[in-house]
Each structure stands twice: as C-alpha cells, then as structure tokens.
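Chemist: can't give you the sequence, but here's the structure:
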C-alpha cells in the first residue's frame with residue numbers, strides 16, 4: 001500500500017495526449033506506463049512508510065516558509081493536493097530551502113535525515129527520511145502542473 005501522486009498538468013504530455021483510461025490496447029498502455037516512468041511531473045509514488053516522513057518534511061517546509069497550504073488530507077488517497085504549478089513551485093522552493101538546513105544536522109546514514117530536524121519548526125519526526133526521495137519529489141513538483149494524491 002502506498003501513495004500514488006499524479007501530476008494534474010505535467011509539462012511532458014503522454015503519448016497521443018491521452019489519459020491511461022483512454023488507452024485501448026496493451027501497446028498503448030505500455031507506452032503510457034513508459035512515459036509515466038520517464039516524465040518527471042507525471043507520477044510520483046511512495047510506499048506508506050516513506051510517505052509519512054516525506055509528508056512531515058513537507059509540513060516543516062510549509063511552516064518554515066509560511067505557505068499556508070492545508071496538508072491535513074495529504075495522508076489519504078482521496079484526491080487532495082495542489083491545484084497549480086505556481087503552488088507546486090512554491091512548495092518545491094520551500095523544501096529545497098529547508099533541505100540544506102536539516103542536512104547539516106546529525107544523520108543516521110549519509111542518505112537519510114535524522115529524526116530531530118522537525119523540532120525547530122514545531123514538528124517532531126519519528127523516523128528518518130530518504131534524501132533522494134525528497135529530491136525526487138522536488139523534481140516532480142517542478143514539472144507536474146499541480147497534483148492529486150490518489
């Protein structure tokens with residue numbers, strides 16, 4: 001189980017500019033999946049154990065940058081997210097600005113952020129966060145045109 005996050009208007013369009021539900025043949029579906037895996041703003045996936053710490057980091061970035069986004073439903077697969085590329089870019093910028101500050105703290109592994117980073121922003125984390133996952137989500141945000149969590 002995990003979180004499937006779809007770009008609302010990714011910069012790179014799918015083959016034939018059609019949604020997956022409109023693919024009629026196996027070849028069309030395979031072409032769509034290949035596009036989805038290669039287009040940076042089309043799709044982001046995370047298992048539930050990876051999404052929780054990432055969402056906590058997102059909340060810390062939102063609080064630190066005073067963005068005011070309501071992320072209270074982002075822990076569910078019910079279609080919430082951000083509507084516009086402008087909001088996604090603002091979130092990506094906030095996450096990118098926070099990342100060097102937390103990377104300077106104690107790490108459990110070179111690719112993980114330790115649990116204590118969120119306390120400076122009033123958010124206590126209870127696990128580690130994969131830096132690569134943060135960077136992949138920032139890339140997704142910069143290309144997705146808004147997103148929904150399904």
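Modeler: It's in. Fair warning: this is a prediction, and the values are worked out from it, not measured in the lab.
Chemist: can you give me the strands for this structure?
Modeler: Counting by DSSP state E, the segments of the chain that form strands are 2-7, 43-47, 81-82, 112-113, 129-130, 147-149.
Chemist: Least confident of those, on average?
Modeler: Between these, the lowest average pLDDT goes to strand 112-113, which shows a mean of 49.
Chemist: ok, now how distant is the closest residue to residue 77 other than its chain neighbours from residue 99?
Modeler: Spatially, and ignoring its direct neighbours in sequence, residue 77 is nearest to residue 150 (5.4 Å; CB to CB, 6 or more residues apart in numbering). Quick note: C-beta positions are derived from backbone N, CA and C, even for glycine. For residue 150, the distance to residue 99 (CB to CB, to the nearest Å) stands at 26 Å.
Chemist: ok, those two, which is more surrounded?
Modeler: For residue 150 and residue 99, the more surrounded residue by other CB atoms under 10 Å is residue 99, and the numbers stand at 19 against 13.
Chemist: Verify the stated contact: the more buried one with residue 133.
Modeler: No - using CB atoms under 8 Å, residue 99 is not in contact with residue 133; the gap is 11.5 Å.
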